[in-house]
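In: Okay, sequence plus prediction incoming.
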Amino acid sequence: MPWVSPDVVDDLSEAVGRRWRDLDPMLPAPRDLPDGCMAPFVVAGPNGRPAGVGVCRHRQIPDDALEQVWGTATRLELAPRLPEPDTSAALDALLGQWRDHLAAQPEAIGADSAAMINWPSRDVSGINALLKHGMQPITVIAVRPAGRPASDSAIPRA
């Protein structure tokens, strides 16, 4: 299933947004899929319909960009859309397709390159698939509702 229509991608993204809101109401809705280096990866579900899609995006961070301080110069990023509550099988298949794609990319083997995926930390159904494929967290971002003070124990005393 090498191609999927924009309507199907929109439906998958809406379902992902609903799933994320159930996991954590502070998670933003997924944005539109970025333009990728090729057609999206597609994972077929048991019914033959797409169970998920992913786009690979290659980014080269300029030498003079501040963003390079916090990461590699070459970033090969996967943007997945997996709507089912249990993402493990679909994510495993998607990561396998992405791995095969990256194996043919010369920039993927550079010393200053990284394969990256953004994954909500409360979406634990995909953790085993991520670990199986050698992924590990390098950045964690947390939020709290506005107006909620930090606990007293977090404030250093002089």
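Out: In hand now; what should we look at? Nothing here was measured: the structure is a model prediction, and the numbers come from that model.

In: Give the other helices and strands that the lengthiest helix in the chain contacts.
Out: The single longest helix within the chain, with elements called by DSSP state H, is helix 6-23. Other helices and strands packing on helix 6-23, by 3 or more C-beta pairs under 8 Å, 6 or more residues apart in numbering; DSSP states H and E, are strand 50-60, strand 74-81. (C-beta placed from N, C-alpha, C; glycine too.)

In: Contacts for the helix or strand bottoming out on mean pLDDT in the chain, please.
Out: One helix or strand of the chain scores below all others by mean pLDDT, DSSP states H and E: helix 6-23, with a mean of 89. Residues outside helix 6-23 that contact it (C-beta atoms under 8 Å, 6 or more residues apart in numbering): 27, 29-30, 32-33, 40, 50, 52-53, 81-85, 120, 122-123.

In: rewinding a little: tell me the helix or strand right after the longest helix of the chain.
Out: Per DSSP states H and E, the first helix or strand lying C-terminal to helix 6-23 is strand 41-44.
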